[in-house]
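> give the three-dimensional model of this entry:
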Amino acid sequence: RIILDAGIKVLTTEKIEYVSEITQGEELLPTQKPHCCIKIYFAQKDDRLWDVAKRYRVPLSRIMAENDIKDETEVITGRQIFIP
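Below you'll find the predicted structure:
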């Protein structure tokens, strides 16, 4: 028989959103080109949006617009970044 007493202290909480459903639409906007796949990048600690844009060869402004990011320093660890 063991008596175990564990004290737990929550230091920080963080809401992480994830993709729960994907549907395919038939129509594209006039400015959109068909994509071959969906690219989602999960931000890591100390990531800069500029580095993500450079890695995927996508203009920083397009990534910011696609993800509704107003400030390029707004990258939170674990955040999903959709790559257009």
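
> so who does residue 22 touch?
By Cβ atoms under 8 Å, 6 or more residues apart in numbering, the residues touching residue 22 are residue 38. For glycine as for every other residue, the C-beta is placed from the backbone atoms N, C-alpha and C.

> how far away is the residue nearest to the spatial centre of the chain from residue 22?
In the chain, the residue lying closest to the centroid (Cα atoms, centre = their mean) is residue 80, at 1.4 Å. Using Cβ to Cβ, to the nearest Å, we find residue 80 at a distance of 12 Å from residue 22.

> returning to what we had before: ok, now which ones touch the closest residue to the residue nearest to the centre of the chain other than its chain neighbours?
Distances taken as Cβ to Cβ, 6 or more residues apart in numbering put residue 40 closest to residue 80, at 5.3 Å, once the chain neighbours are dropped. With contact set as Cβ under 8 Å, 6+ apart, residue 40 has these partners: 19, 80, 81, 82, 83.
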